[in-house]
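Visitor: Sequence unavailable; structure follows:
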C-alpha cells in the first residue's frame, strides 16, 4: 500500500489503475505512520502532477508499504504551479526536518544549460543535500539533480553534449574490480546485473574521468552504456545514489517530449530503441525500474 496526501491527483489515477492507495491529510505527515516507510520527494520539475504520478506509480509497483511525501525548499517559488496547489500537497523543508524520512529523492530539473551557482535556489538546495547526508540513510539524485549533487559533493563538472541524449539505452553493471570494497553496492546491483535498460533525456553529461578516485565519499561507477555514458553511481555505503537517466518514466513520457520538441521546432531525433517498427511504444525498462526502486526503498 502507498499513502499519498489527500486529494493529490495521482491518487485517483493510481487507484483506477488497480494500485492499493490510501489518501491521508497532509498534516498527518508530521506524525509517524506505523508500518510504513517515509519517502520524501523534492519535486523540481515544472509540471508537478506528471512527476508526482511518475514517482508515486513506480513506488506503488514495488509492493512496499510507503508513505510518499512531496516537499519544497523553504522560500522556493514556482512559475508553473499555484501556491494553493503547493500548500495543499507539499510540506516545506522545515516541516520535513521533523520526520526525517527513511529515503529521499531529488528529481531532475530543466536547468542543464545554466551554471549550478546561477540556479536561483542553488544555496537552499546545497543546504538540503548537506542535511540529507547527515539525517537520511540514502538519497537518490535523478538526472540534473545527480549532476548537481556530484558537483556539490565531489566537484564533478557537467559537460554539454552535441545533441540531446534521448531514448532507451542498455547499460552494463560494474564488475568485481569496482565492487570488491563495496558490499552494499554489490547487493544493490545483483538483481540488475549484468545489463538493464534505462531511459535518458538530457543535454549534458558527467564523465568518469572527472570522478575522484580516493576518499570515503568518492562515488563508484555502477552502470554505464557505450551510447549513453555513465548512468548510475553511488557512494560505497549507498548514502548517495546518482542516476543520470529516468527509470521512473511512464511509457508515454519520451513520446510526449518528442512531440513537444517537434512542435517547438527544436532539433530532435526520435527516441532511440523506443518505438517498434510499427511505431508502437515499447516499454523496455519497466522490470528494471521496479527492481531498482524496490532495492533503493526497501
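Guide: Received, thanks. In this text, all values refer to a predicted model and were calculated from it rather than measured experimentally. Numbering: from 1, shown residues only.
Visitor: give me the beta-bridge partners of residue 243?
Guide: Per DSSP bridges, the residues bridged to residue 243 are residue 142, residue 232.
Visitor: Could I get the contacting residues of it?
Guide: 140-143, 146, 198, 231-232, 292 (CB atoms under 8 Å, 6 or more residues apart in numbering). For the C-beta atoms, the positions are set from N, CA and C on the backbone; glycine is no exception.
Visitor: how about residue 159, what does it touch?
Guide: 204-207.
Visitor: Could you pick out the buried ones from those residues?
Guide: Buried by 16 or more other CB atoms under 10 Å: 204-206, out of these.
Visitor: ok, the contacts of residue 243 vs residue 223, which is closest?
Guide: residue 232 (3.9 Å; CB to CB).
Visitor: Let me see the confidence value for that closest one.
Guide: You'll see residue 232 listed with a pLDDT of 98.
Visitor: I figured it hits residue 220, correct?
Guide: No: if you go by CB atoms under 8 Å, residue 232 and residue 220 don't touch, sitting 9.6 Å apart.
Visitor: So which of these two has more stuff around it?
Guide: residue 232 (27 against 18; other CB atoms under 10 Å).
Visitor: sec struct for residue 100, please.
Guide: coil (DSSP: H, G, I helix; E, B strand; the rest coil).
Visitor: same thing with the one 5 residues further on?
Guide: Following three-state DSSP, residue 105 is assigned to strand.
Visitor: ok, what's across the strand from it?
Guide: Beta-bridge partners, per DSSP bridges, of residue 105: residue 41, residue 140.
Visitor: Contact partners for it?
Guide: 39-42, 55, 139-140, 142.
Visitor: rerun that using 10 Å as the cut-off
Guide: By CB atoms under 10 Å, 6 or more residues apart in numbering, the contact list for residue 105 reads 39-43, 55, 59, 68, 70, 138-142, 145, 241, 243, 248, 293, 296-297.
Visitor: gap between it and residue 62?
Guide: Remark: distance between residue 105 and residue 62 (CB to CB, to the nearest Å) = 13 Å.
Visitor: Could you tell me which residues touch both of those two?
Guide: Jointly contacting residue 105 and residue 62 under the rule CB under 10 Å, 6+ apart are 293, 296-297.
Visitor: Which of the residues you listed ranks first by neighbour count?
Guide: Result: residue 293 is most packed of these (other CB under 10 Å), 24 neighbours.
Visitor: Pull the contacting residues for it.
Guide: 39, 55, 58-62, 64, 66, 103, 105, 140, 247-248.
Visitor: sorry, back to before: name the nearest of the contacts of residue 243 relative to residue 270.
Guide: Nearest to residue 270 among the contacts of residue 243, with distances taken as CB to CB, is residue 198, at 17.6 Å.
Visitor: what's the helix or strand for the closest one?
Guide: strand 195-205 (DSSP states H and E).
Visitor: following that strand, which helix or strand shows up next?
Guide: Where DSSP H and E defines the elements, the next helix or strand beyond strand 195-205 is strand 220-225.
Visitor: mind listing what that following strand pairs with, with the direction of each?
Guide: Note on strand 220-225: by DSSP bridges, its sheet partners are strand 159-173 (antiparallel), strand 229-234 (antiparallel).
Visitor: for the residue most central in space within the chain, what are its contacts?
Guide: Centroid-nearest residue in the chain, with CA atoms, centre = their mean: residue 142, separated by 3.4 Å. Neighbouring residues of residue 142 by CB under 10 Å, 6+ apart: 41-42, 44-45, 51, 55, 105-109, 149, 241-248.
Visitor: Against residue 81, how distant is the nearest residue to residue 8 once chain neighbours are set aside?
Guide: Spatially, and ignoring its direct neighbours in sequence, residue 8 is nearest to residue 89 (5.2 Å; CB to CB, 6 or more residues apart in numbering). According to CB to CB, residue 89 stands 10 Å off from residue 81.
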